[in-house]
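Enquirer: My questions concern the predicted model and sequence given below.
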Amino acid sequence: MKVITRFAPSPTGYLHIGGVRTALFNYVFAKKHKGNFLVRIEDTDKERSKPEYIDAIMQGLDWLGLNSDQKPIKQSERFGVYKEEAFKLVKADKAYEDDGAIRLKINKDGSTLVKDLVYGDIEFPNKELDDLVILRSDESPTYHFCNVIDDNYQNVTHIIRGEDHLPNTPKQIQIVNALGYEGFEYVHLPLVLGEDRKRLSKRHAATDLMSYRQEGYLPEAVLNMLAKLGWSNTTEDIFDLKKLVEIFEVQDIQKAGAVFDIERLNFVNQAHIANMKIDSLKQELDSFNKKNGFCLDDHHDGEYLLELCKGSANNLSEISLFIKPFLLDFDDYNSEDFDKYLKNSEAVIDYFKNNLNKLETWTEESIEKVVEAAKNDLSLPMPKIGLPLRVALLGRAKSPQLNSTIFLIEKEKVIERLSKALEIITEH
């Protein structure tokens, strides 16, 4: 039997981070078993379904590399199929018309057994099930009905979805039986929760996938982070999609809800950034730099600058902002850093303005000699030298080692910024 899974989003909004986790587990399970991963657009809600949401969903999956092995189908194009199947059930006396709608007859005796590969066997008493509407009076199908029909049509073998769908499963099994289908294997995933252990929502963090792309999180990092939400069989924190396919097993999915932690995502993203080749990272960073008004190609040693700064922030957007003052003038000093380090450091700034200006070669080595001399000439420890200089040159106290920081700013710009700092110190 060829394993086939599907991700079936409703285009009534953008791709939710919880939905991405569902898509990922469907994709990984299929690839683990040399099967196919499908995408189906469940757009039966005519009022709320929008083409732009479909585009956003497909773009998001493409960005993540979770591509469908077949052309996605849309339920809105299959209404005739659902209507035909509903009336077949009426003709077979398995369903009946009610106020213009069609309801499936439910045998109230006994129970419906759901065999779930995560939660085990669960019995649902049939007496708790109502006769299900499968076709509304406007001839639009209900979610449960078209869902089952399409899963059968697409030869889906495993239904992998959020645990919140577990109560729907006995209803869908009733439809499966009425239609005479063989049925499916079920895998329900623990919910993705916020830090207060309530279902993840916008009050916890951004829930739209593409907002993370816009902030500069790497697709590999998003998938890595989401894989660890509700699944674990490895002590490895950092891995790519290929490795995940290799080590993934359904029995390692946990039952308890999994907490989405933005700090955890930051850690994983930093690790993936650190593992990138510098030319690839530079390419990924280009659009963020352009938005911030500069290009690394305009720097006298752009790749070295990036190498030293890539570990400075959580994402590409923050890295770009961190690099920006090395190329462009900054407007203001960080007020806390100014008061703490720069305000009373006139002697340090004046010393470096004069001695750096005398350098005939602008290298890390020549600058380091000035730094070493300053420690003796000024009788100051390194923090009393380095921190004021960083604030004067970049507007903040954080940067790479001091000689590299100075080297990575053009000499003329260094002298200009030190002169400006002296003026501002005098004014204070």
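Expert: Great, that's in hand.

Enquirer: OK, contacts around residue 295?
Expert: 286, 289 (Cβ atoms under 8 Å, 6 or more residues apart in numbering). Placement of C-beta: from N, CA and C, glycine included.

Enquirer: At which residues are the strands of this structure located?
Expert: All strands of the chain, identified by DSSP state E, fall at 4-7, 36-41, 73-74, 95-98, 101-104, 111-116, 120-125, 132-135, 158-162, 185-189, 192-193, 258-259.

Enquirer: Sheet partners, orientation included, of the fifth one?
Expert: Right, the one you point to is strand 101-104. strand 95-98 (antiparallel), strand 132-135 (antiparallel) (DSSP bridges).

Enquirer: roughly how far out does the first one sit from the chain middle?
Expert: Once both centres are worked out by Cα atoms, centre = their mean, to the nearest Å, strand 95-98 turns out to sit 45 Å from its chain's centre.

Enquirer: which outside residues touch that strand?
Expert: Contacts for strand 95-98 (Cβ under 8 Å, 6+ apart): 86, 89, 90, 102, 103, 104, 105, 131, 133, 134, 178.

Enquirer: let's go with 7 Å and repeat that
Expert: Strand 95-98 is contacted from outside by 86, 89, 90, 102, 103, 104, 105, 134, using Cβ atoms under 7 Å, 6 or more residues apart in numbering.

Enquirer: what's the pLDDT at the third one?
Expert: What that stands for is residue 90. Looking at residue 90, its pLDDT is 98.

Enquirer: ok, it - contacts?
Expert: 96, 97, 102.

Enquirer: Let me know how buried the first one is, in neighbour terms.
Expert: Looking back up the chat, that one is residue 96. Residue 96 has 13 neighbouring residues, counting by other Cβ atoms under 10 Å.

Enquirer: Identify the bridge partners of it.
Expert: residue 103.

Enquirer: Roughly how far does it sit from residue 85?
Expert: Between residue 96 and residue 85 the distance, using Cβ to Cβ, to the nearest Å, works out to 15 Å.

Enquirer: Also the second one?
Expert: Noted for residue 97: a distance of 15 Å to residue 85, by Cβ to Cβ.

Enquirer: who's more crowded, those two?
Expert: The residue with more neighbours, out of residue 97 and residue 85, is residue 85; 21 against 13, by other Cβ under 10 Å.

Enquirer: Could you pull up the residues touching the more buried one?
Expert: Taking Cβ under 7 Å, 6+ apart as the criterion, residue 85 is in contact with 149, 179.

Enquirer: coming back round to it: of the strands of the chain, which stretch is the most buried?
Expert: strand 4-7 (a mean of 25; mean count of other Cβ atoms under 10 Å).

Enquirer: pLDDT on it, on average?
Expert: Mean predicted confidence for strand 4-7 is 98.

Enquirer: That strand pairs with which strands?
Expert: strand 36-41 (parallel).

Enquirer: What average pLDDT does the partner strand get?
Expert: Mean predicted lDDT for strand 36-41 stands at 98.

Enquirer: who touches it?
Expert: 4-9, 11, 26-27, 30-31, 54, 61, 68-70, 72-75, 150, 154.

Enquirer: Nearest spatial neighbour of residue 285, chain-adjacent residues omitted?
Expert: residue 316 (5.4 Å; Cβ to Cβ, 6 or more residues apart in numbering).

Enquirer: what sits against the one you found?
Expert: Going by Cβ under 7 Å, 6+ apart, the list of residues near residue 316 reads 216, 284, 285, 288.

Enquirer: Let's see that with 10 Å instead.
Expert: Listed by Cβ atoms under 10 Å, 6 or more residues apart in numbering, the contact set of residue 316 reads 213-218, 269, 273, 281, 284-289, 310.

Enquirer: so how far is residue 27 from residue 242?
Expert: 12 Å.

Enquirer: can you check residue 208 too?
Expert: 20 Å.

Enquirer: Neighbour count: residue 242 and residue 27, which is higher?
Expert: For residue 242 and residue 27, the more surrounded residue by other Cβ under 10 Å is residue 27, and the numbers stand at 27 against 8.

Enquirer: Give me the below-cutoff pLDDT ranges for the stretch 101-250 of the chain.
Expert: 202-206 (pLDDT under 70).

Enquirer: Just give me the neighbour total for residue 366.
Expert: 16.

Enquirer: which non-adjacent residue is nearest the residue located most distally from the centre of the chain?
Expert: In the chain, counting by Cα atoms, centre = their mean, residue 377 sits farthest out from the average C-alpha position, at 51.1 Å. In this structure, residue 377 finds its nearest non-sequential neighbour in residue 351, 6.9 Å apart by Cβ to Cβ, 6+ apart.

Enquirer: Find me the pLDDT at residue 260, would you?
Expert: 88.

Enquirer: mind listing what it touches?
Expert: Contacts of residue 260 by Cβ under 10 Å, 6+ apart are 17-18, 21, 192-195, 200, 204-205, 207, 225-226, 229.

Enquirer: cool, residue 270 as well?
Expert: 218, 221, 238, 310, 311, 312, 313, 314, 315, 319.

Enquirer: likewise residue 74?
Expert: 11, 40, 41, 42, 43, 44, 49, 54.

Enquirer: swap in residue 342?
Expert: Here residue 342 is in contact with 333-334, 348-349, 387-392, 395, 397, 421, 424-425, 428 (Cβ under 10 Å, 6+ apart).

Enquirer: Got a ChimeraX select line for the buried ones in those?
Expert: Those of the contacts of residue 342 that count as buried under 16 or more other Cβ atoms under 10 Å are selected in ChimeraX with:
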select :333,334,348,349,387,388,389,390,391,392,395,397,421,425
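
Enquirer: just the contacts of residue 342 now: which is nearest residue 145?
Expert: Closest to residue 145 out of those is residue 334 (59.7 Å), distances taken as Cβ to Cβ.
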